[in-house]
Structures are given as C-alpha cells and as structure tokens.
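1. Have a look at this prediction, sequence included:
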Amino acid sequence: MTLARCSWANPANPLYLKYHDEEWGVPCHDETRLFEMLNLEGAQAGLSWSTILNKRENYRVAFDQWDARKIAAYDADKVAALLANPGIVRNRLKVAATINNARAYLRLCEDIGSLDAFLWAYVDGEPILNARASINETPATTPLSDQLSKDLARRGFKFVGSTIIYAYMQAIGMVNDHAQDCFCYQAPRI
C-alpha cells in the first residue's frame, strides 16, 4: 500500500520523503534545529529546497553543527573557507547572514531566553492546522509570517522575508500545511 503524501514530496529522493514524512509540519522545540532551519530556509532563497536538503549534512559540518556561539565568532579566514566549500551554497551574502544570525540569535536568547519561546508565542504554543485540499491552496505568506518576519528583522536577523518565514513556520511545525489527504495531515506529532 502506498501512503498518500503531499504532491511536493518527491518519491525519487529519499531525503525529500524522509523530510516530508518526519520533519515538515512536525512541531519543533529543539533550539539547534530551530536555528538550523532558520538559516537553511534563508540559504534556499532563489534555489530549490532539494538543493539545500541535499547539502544539509555539509552545512552541519561547515557550520559547526549549528553551534551559534562558534558561528558568531567566525573570522575572515573561516568565511574564506566557507566560500571555498563546494558542499554548501557559496554565496557571500548568505554566509554573512548566517554569521549575523548567530549573533542576533544569541542576543534574542539573552533577551527572551530562547528562540523556541520567541517563535511559539506567536501561535500560543499550538501549531496552526490548516485545511488545504492541495499545495495550490497554500499561500506564500500570511499576516502572521509578515509580522514574524518584521519582528525578526527588527532583532537583526537577515534573509527573513515573509516568504522565507512562512516556509520556516511550515518546516518547524508552527503551521501544518500537509494536504488533507496526506497521511501526515493529522498523524500524531511529537
């Protein structure tokens, strides 16, 4: 029996299926993964998600397992090494944004305690479960992603436009936009 999945879940790519089945739309409260996904969604800007997903492990190695303290301290030599690393997207603005985001993340944690607390306050700690028949009904942005985008930008984060942030909200399970016929739509989530 073949499971019904969202139409975007590429059955030819095992990483894509695993991501769809086990991560996308699942509420996440892990600080490291929240920080990772924020930066990966920004790295995706102008590219396909499969490009980033296929480079995800390389990103983890290149960016010290997403240790924000280490990333915030990167110097010119480390930036040069990152820009020479074929395992990641070698875009100077995106690399600089990740380093900047590590610093903004540390400031946010000093102010609020955690990225988790900051993000999930926007939805009162409960994911939004949308009722979409297909991916074609899914908006690129919402008023909530507009507000979160503005608030993150005000806090100094980069590559956090509303479209990126809506994709981020989906990725970390603040929003469940699985199609109603997808087996993940109302599956028990951890």
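-> Now that the structure is in, tell me what you want to look at.

2. longest helix of the protein?
-> Ranked by number of residues, the top helix in the chain under DSSP state H is helix 92-112.

3. Same question for that helix: list its buried residues.
-> 94-105, 108-109 (16 or more other Cβ atoms under 10 Å). Yep, even glycine has a C-beta here, placed from its N, CA and C like the rest.

4. distance between the ends of stretch 61-68?
-> Using Cα to Cα, to the nearest Å, the end-to-end distance of stretch 61-68 comes out at 13 Å.

5. now it: mean pLDDT?
-> Stretch 61-68 comes out with an average pLDDT of 98.

6. List the contacts of the residue nearest to residue 128 when sequence neighbours are not counted.
-> Spatially, and ignoring its direct neighbours in sequence, residue 128 is nearest to residue 175 (4.8 Å; Cβ to Cβ, 6 or more residues apart in numbering). By Cβ atoms under 8 Å, 6 or more residues apart in numbering, the contact set of residue 175 is 25, 127, 128, 130, 166, 169.

7. do you know how far the first one is from residue 130?
-> Same thing as residue 25. When distance is defined by Cβ to Cβ, to the nearest Å, residue 25 is 10 Å away from residue 130.

8. So which of those two has more stuff around it?
-> residue 25 (27 against 18; other Cβ atoms under 10 Å).

9. Please produce JSON lines containing the buried residues of helix 92-112, extended by pLDDT and distance to residue 61.
-> As requested, those are exported to JSON lines (pLDDT from 0 to 100; distance: Cβ to Cβ, whole Å):
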{"residue": "94", "pLDDT": "98", "distance to residue 61": "17"}
{"residue": "95", "pLDDT": "98", "distance to residue 61": "14"}
{"residue": "96", "pLDDT": "98", "distance to residue 61": "19"}
{"residue": "97", "pLDDT": "98", "distance to residue 61": "19"}
{"residue": "98", "pLDDT": "98", "distance to residue 61": "14"}
{"residue": "99", "pLDDT": "98", "distance to residue 61": "16"}
{"residue": "100", "pLDDT": "98", "distance to residue 61": "21"}
{"residue": "101", "pLDDT": "98", "distance to residue 61": "18"}
{"residue": "102", "pLDDT": "98", "distance to residue 61": "16"}
{"residue": "103", "pLDDT": "98", "distance to residue 61": "21"}
{"residue": "104", "pLDDT": "98", "distance to residue 61": "23"}
{"residue": "105", "pLDDT": "98", "distance to residue 61": "19"}
{"residue": "108", "pLDDT": "98", "distance to residue 61": "25"}
{"residue": "109", "pLDDT": "98", "distance to residue 61": "24"}
